[in-house]
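Student: Model the structure of this input:
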Amino acid sequence: MAIYVDADACPVKAEAERVGTRHKTRIFIVSNGGLRPSPNPLVENVIVPEGPDVADMWIADRAGPGDVVVTGDIPLAAKCVEAGAEVLKHNGEPLTAANIGNVLATRDLMADLRAADPFRQGGGKGFSKADRSRFLDALEQALRRAARAG
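Tutor: Predicted structure coming up:
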């Protein structure tokens with residue numbers, strides 16, 4: 001059982017570390033660099049080479065049943081769900097075999113809409129305290145399920 005955090009632009013790294021530590025779970029913080037290493041012995045900072053999707057590939061190659069992946073990257077989430085890992089977005093929303101197809105389709109539709117209207121601005125909402133709280137609860141529940149299954 002491990003937690004894999006797609007750490008570039010992740011607003012819940014500290015929360016993932018806190019919950020993972022309480023469960024005595026290894027935590028992999030995966031990024032292209034520029035993050036301060038944690039002194040926590042359960043946390044391993046993994047710095048991957050520069051390049052598109054290198055961190056995603058590192059996580060996708062390792063995550064599987066019993067693991068929890070924290071990411072906002074939908075294609076990475078799809079690969080991890082297919083591999084049997086539990087996947088959580090930063091706001092605590094679970095990405096599962098039941099919903100990943102719709103989430104991927106919505107992502108692709110929004111990309112097409114943005115490409116068709118170069119003046120379209122924003123569209124995303126900010127990250128809130130409620131999102132952080134939902135993430136903490138979702139990660140706690142995911143780790144409890146993984147512990148029971150393992």
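Student: What distance do you get for the residue located most distally from the centre of the chain to residue 125?
Tutor: Largest separation from the mean C-alpha position in the chain: residue 119, at 29.3 Å (Cα atoms, centre = their mean). The span separating residue 119 from residue 125 equals 20 Å under the rule Cβ to Cβ, to the nearest Å. Just so you know, the C-beta spots here come from the backbone N, C-alpha and C atoms, and that holds for glycine as well.
Student: all strands of this protein, in order?
Tutor: Here the chain has its strands, by DSSP state E, at 2-6, 26-31, 43-47, 68-70, 86-88, 94-95.
Student: closest to residue 18 out of the ones you listed?
Tutor: Proximity to residue 18, assessed across the strands of the chain by Cβ to Cβ, is greatest for strand 26-31 (9.9 Å).
Student: Pull the residues that contact that closest one.
Tutor: For strand 26-31, the external contacting residues (Cβ atoms under 8 Å, 6 or more residues apart in numbering) are 1-8, 13, 16-17, 20-21, 35, 38, 40, 42-48, 55, 58-59, 62.
Student: In the protein, where is pLDDT below threshold?
Tutor: 107-114, 118, 120-124, 150 (pLDDT under 70).
Student: Just give me the longest helix of it.
Tutor: Assignment by DSSP state H gives helix 129-149 as the longest helix of the chain.
Student: Counting by contacts, list what it packs against.
Tutor: helix 13-22, strand 68-70, strand 86-88 (3 or more Cβ pairs under 8 Å, 6 or more residues apart in numbering; DSSP states H and E).
Student: chain center to the first one, what's the gap?
Tutor: It stands for helix 13-22. 13 Å (Cα atoms, centre = their mean, to the nearest Å).
Student: That one packs against which elements?
Tutor: strand 2-6, strand 26-31, helix 129-149.
Student: could you redo the last one with a cut-off of 10 Å?
Tutor: strand 2-6, strand 26-31, strand 43-47, strand 68-70, helix 129-149 (3 or more Cβ pairs under 10 Å, 6 or more residues apart in numbering; DSSP states H and E).
Student: out of the ones you listed, deepest packed?
Tutor: Mean neighbours per residue, mean count of other Cβ atoms under 10 Å, is largest over the helices and strands packed on helix 13-22 for strand 68-70, with a mean of 29.
Student: Does anything pack onto that strand? Which helices or strands?
Tutor: Right, strand 68-70 is packed against strand 2-6, helix 13-22, strand 26-31, helix 54-62, helix 74-82, strand 86-88, helix 129-149 by 3+ Cβ pairs under 10 Å, 6+ apart.
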